[in-house]
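Undergrad: heads up, no residue letters with this:
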DNA sequence: CGGTAACCGAGACGGTACGTCGCGTCTTAGC
DNA sequence: GCTAAGACGCGACGTACCGTCTCGGTTACCG
């Protein structure tokens, strides 16, 4: 992913995806003429405004003004405020991981000690959930995704599922290594780990701590242990 | 609570709860003079509009018009659209449970078979989550609660925690009966059951089925089983 | 007028004037039970608010709050904000003239020198028109009277005509004394004096000065002079 | 002025007149992009509503709806309902005079007979004052101008003074022709003619007739006659 | 190499809803 | 039965943004 030279992940044509010349409503804009400068400015403005004033108070007009961009330039390329923010966030994440390291990105380590490996990433996830810089936009996107199925699908597909896939691969490896019962459903196992964490984060019921992450791993692994 | 026939009676004073004379912005209205008729009409209108047109398209103006009520009557008693809907939903739930049965309300049954009991309620929860009548407003409230901490706290306190408490009590009973390991943390156990379910519901990753509920219970209980 | 012991000039029954028991809409209130205390407080509050914040920003709710009076107490006795202010102003004028002197009140003096007498009162009128304490409410009432014929009639009848009558009587006396042409129309003469003054005051075209008052008298009297 | 075919062309910038970059509240809109279509529709709607339902019952919201225009389009270009009506009325007058005749517009005729000329225009003024089509908006503007100095100044400047100027010029001509005393103050003379007329109109004391106009001219001219 | 067809900044436009203010009516307690 | 108090249905206020629509200007391709 970090090897992808194209920074414009998905050109996000507002209307269709396949048809090259839509005879429909408003014809698709010419992505090759798109101003990269504006695109970046919009992302920066969107992220800044969301973290400064919150998602609800962030407006497309505000983003346009802050980015020094015409409103139409936003409406031309994105269908909604949430879509702008999602792309901005994706761009942020892409740049962050690109800055971090070359290839492995954020694959879960496999030291052979499954519990330790899971605790390591779950603790990192906890830290991220407690980091305000990530929290505000993530909450906003999650909230919007709950209500707007389309956006939710994009959110899930672009952010959530890739992350879950790391867990799935590590669980698979553990199963092959015999660390957990061979009839384990990896997907369910992943959800057992991630679900409770998200539950606490979303509903703010109890504080998210490293200790909680550890306890979670312990309990889940006990249930997955291979039976004699 | 099950003895209180109307848990949402609290008149929901917009400002403070304790201070009798708020020196703040606009002093609190006189709750004793409140029109019960308007309150009910507002709840009905809010729920109807949300389920008909969705939360985002529901407006306070629309609720007022539908309820045959002045806008100010809504703004006098609630601080936001979400707060109206929360109270409306609480009122609905209260009336529903009141209509059902006096005492037991929705305590989890204790047949002695922990797995069966849990599967029973988890299946019911799955059904509820798939019921559009409940889904739309619940999603809306959850989404709003994610972004608005105050509302989220009210949501959690009034809807989520009471529900979790049922699980907690059943788990406690199971622990006393020796069905699960004595050092089990009941709270964590509950979250292991509920977290994955919510995760699927919120992110719409995979369908919510009875089979999933059963598998969840099996996996979790295996981890909680008393060790020899 | 100052000999009238009844301070409540006109009880201002909101509906009818003659019928003692109107079977119509809202029956007339019992004026004998009326609270003099509230009436005074309302007048004071109305005048204070108008001179402080202007007529347009003065509201019935504001008057009621300032007077420590229920809104209904105002609506029971007056049909409109303008009517309240008119009565308040009349009351103020009555009290003022009562305080000043016993009988003659403000009859135009008759020293035998018509020009001097007229200049004296016209100068006094100019001073009054330039006095902010009188200007604001008078302007407000005049403005409202322009648009609202009923109120305008009351304004004219209660404030304007009595004042014009003083001029008329002095002009009549002058005619009988042979100071002006015997075929003079006194009413027109009065309007020739007062009209230009009001014109300047209302439209703020040019400043109102004593010199202007003098010049006005001179020009008008030249036209009224008895022809040889 | 009579050569300017459209005296109310000024785009009526809501804020300042000279400063090109107002540092004030909301910066001035771009007048060059203004929609002439909307401007006309607003004028038509405003005049129609005022004459149909009266000034007090005319609302900006109503004007906007009737004109098929967003409220903001009104608020962008005018500071108040009265300002809209003033411009509408000015526009109406401009179009009316434009329709009538090119050059002479409404200059007072000079037949050599001063009395006849003045009676002619004063009778015309009386007719206009009795014409409901002109009366309602004019009363409304006059009333508003009494209370609001800014609007009053605009009203005076744009409607009143130009009209008075016609009189002034005719009086000046008469003075040069020796028809009136050479030391006559033309301004005062004009006010002697117009003041009483306005007085009756504004306060509705006595009916406005041609006979009254004639009598007025006769009396005033008697005072202005050149002395032997 | 001159058209011309897009994007772009800017922002006016027709709208919808906001949250507030005040209207005039009605209800409730208190005297 | 008047009074203080104020909740109520209602209508308008003036503001904030929405998403669409021109309007020059500035590129960048194309004949």
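TA: Alright, I've got the coordinates. Worth saying up front: this structure is predicted, and the values here are computed from it rather than measured.
Undergrad: what's residue A:109 in contact with, if anything?
TA: Neighbour list for residue A:109: A:117, A:120 [criterion: Cβ atoms under 8 Å, 6 or more residues apart in numbering or on different chains]. (Glycine included, C-beta is placed from N, CA and C.)
Undergrad: What of residue A:221?
TA: Per Cβ under 8 Å, 6+ apart, neighbours of residue A:221: A:114, A:115, A:118, A:180, B:223.
Undergrad: Would you agree the third one is in contact with residue A:193?
TA: Yes. The pair residue A:118 and residue A:193 qualifies as a contact (Cβ atoms under 8 Å) at a distance of 6.7 Å.
Undergrad: what is in contact with the two at once?
TA: With Cβ under 8 Å, 6+ apart, residue A:118 and residue A:193 have common neighbours A:167, A:217.
Undergrad: quick check, nearest of the contacts of residue A:221 to chain D?
TA: Chain D has its nearest neighbour among the contacts of residue A:221 in residue A:118, at 56.3 Å by Cβ to the nearest Cβ.
Undergrad: The strand or helix carrying residue A:223 vs helix B:210-224, what angle?
TA: Using DSSP states H and E, the element containing residue A:223 is helix A:210-224. With axes from the mean of the first three to the mean of the last three Cα atoms, to 10 degrees applied, the angle from helix A:210-224 to helix B:210-224 works out at 100 degrees.
Undergrad: mind listing what's buried in helix A:210-224?
TA: Across helix A:210-224, burial judged by 16 or more other Cβ atoms under 10 Å in any protein chain shown covers A:212, A:213, A:214, A:216, A:217, A:219, A:220, A:221, A:223, A:224.
Undergrad: ok, now which ones touch the first one?
TA: In this case it means residue A:212. Applying Cβ under 8 Å, 6+ apart, we find residue A:212 in contact with A:126, A:197, A:200, A:206, B:188.
Undergrad: out of those, which are buried?
TA: By neighbour count, with 16+ other Cβ under 10 Å, the contacts of residue A:212 hold A:126, A:197, A:200, B:188 as buried.
Undergrad: what helix or strand does the first one sit in?
TA: It stands for residue A:126. Using DSSP H and E, residue A:126 sits in helix A:114-130.
Undergrad: Determine the angle, from 0 to 180 degrees, between that helix and helix A:210-224.
TA: Using the same axes, to 10 degrees: helix A:114-130 against helix A:210-224 is 140 degrees.
Undergrad: what sits up against the helix or strand just after helix A:114-130?
TA: Note on helix A:114-130: by DSSP H and E, the next helix or strand toward the C-terminus is helix A:132-147. For helix A:132-147, the external contacting residues (Cβ under 8 Å, 6+ apart) are A:47, A:50-51, A:54-55, A:82, A:85-86, A:88-89, A:128-129, A:151-156, A:159, A:202, B:54-56, B:139-140, B:142-144, B:146-147, B:202-203.
Undergrad: and which of the contacts of residue A:212 is nearest to chain C?
TA: Sorting those by how near they are to chain C, with Cβ to the nearest Cβ, puts residue A:206 at the top with 48.4 Å.
Undergrad: In contact with the closest one, which residues?
TA: A:200, A:212, B:187.
Undergrad: The same query, at a cut-off of 6 Å, please.
TA: By Cβ atoms under 6 Å, 6 or more residues apart in numbering or on different chains, the residues touching residue A:206 are residue A:200.
Undergrad: ok, now residue A:195?
TA: Shown in contact with residue A:195 (Cβ under 6 Å, 6+ apart): B:195, B:196, B:199.
Undergrad: mind listing the helices in chain A by residue range?
TA: For chain A, the helices defined by DSSP state H cover A:36-53, A:60-67, A:71-77, A:81-100, A:114-130, A:132-147, A:149-155, A:161-176, A:186-203, A:210-224.
Undergrad: quick one: residue A:226 from chain B, how far?
TA: 11 Å (Cβ to the nearest Cβ, to the nearest Å).
Undergrad: For the residue lying closest to that residue once chain neighbours are set aside, grab the count of nearby residues.
TA: Nearest residue to residue A:226, sequence neighbours excluded (Cβ to Cβ, 6 or more residues apart in numbering or on different chains): residue A:181, at 4.6 Å. Residue neighbour count, defined by other Cβ atoms under 10 Å in any protein chain shown, stands at 16 for residue A:181.
Undergrad: Residue A:181 and chain C, how far apart?
TA: Distance from residue A:181 to chain C, counting by Cβ to the nearest Cβ: 74 Å.
Undergrad: next one: residue A:160
TA: For residue A:160, the distance to chain C - Cβ to the nearest Cβ - is 54 Å.
Undergrad: And the residue of chain A closest to chain B?
TA: Proximity of chain A to chain B (Cβ to the nearest Cβ) peaks at residue A:223, 2.7 Å away.
Undergrad: who in chain A is up against DNA strand F?
TA: A:26, A:32-33, A:57, A:59-62, A:71-72, A:75, A:80-81 (Cβ under 7 Å from any atom of the strand).
Undergrad: again, 6 Å this time
TA: Applying Cβ under 6 Å from any atom of the strand, we find that chain A lies next to DNA strand F at A:59, A:60, A:61, A:71, A:72, A:75, A:81.
Undergrad: Find the nearest non-adjacent residue to residue A:112, please.
TA: Counting by Cβ to Cβ, 6+ apart, residue A:112 lies nearest to residue A:177, which is 7.6 Å off, once chain neighbours are set aside.
Undergrad: Just the closest of the contacts of residue A:221 to residue A:164, please.
TA: Nearest to residue A:164 among the contacts of residue A:221, counting by Cβ to Cβ, is residue A:118 at 13.2 Å.
Undergrad: what's the closest one in contact with, if anything?
TA: When contacts are counted by Cβ under 6 Å, 6+ apart, residue A:118 touches residue A:217.
Undergrad: Next one: it relative to residue A:126, how far apart?
TA: The gap separating residue A:118 from residue A:126 is 12 Å, by Cβ to Cβ, to the nearest Å.
Undergrad: what does the helix or strand of chain A with the lowest mean pLDDT contact?
TA: Every helix and strand of chain A was ranked by mean pLDDT, DSSP states H and E. The lowest is helix A:81-100, at a mean of 88. Here helix A:81-100 makes contact (Cβ under 6 Å, 6+ apart) with A:2, A:43, A:46, A:47, A:60, A:78, A:105, A:137, A:141, A:144, A:151, A:158.
Undergrad: Out of these, which end up buried?
TA: Using 16+ other Cβ under 10 Å as the burial test, those include A:43, A:46, A:47, A:60, A:78, A:137, A:141, A:144, A:151, A:158 as buried.
Undergrad: okay, now the residue nearest to the last one when sequence neighbours are not counted: neighbour count?
TA: Taking Cβ to Cβ, 6+ apart, and ignoring the residues beside it in sequence, residue A:158 has residue A:90 as its nearest neighbour in space, at 5.7 Å. For residue A:90, the number of neighbouring residues by other Cβ under 10 Å comes to 18.
Undergrad: what's the answer for the one 4 residues further on, then?
TA: Other residues near residue A:94 number 15, with proximity taken as other Cβ under 10 Å.
Undergrad: ok, it to residue A:138 distance?
TA: Distance, residue A:94 to residue A:138, by Cβ to Cβ: 15 Å.
Undergrad: Next, find the distance separating residue A:87 from DNA strand E.
TA: As judged by Cβ to the nearest atom of the strand, to the nearest Å, residue A:87 and DNA strand E stand 14 Å apart.
Undergrad: just for chain A, where's the confidence low?
TA: Scanning chain A for pLDDT under 70 picks out A:1-27, A:100-105, A:228.
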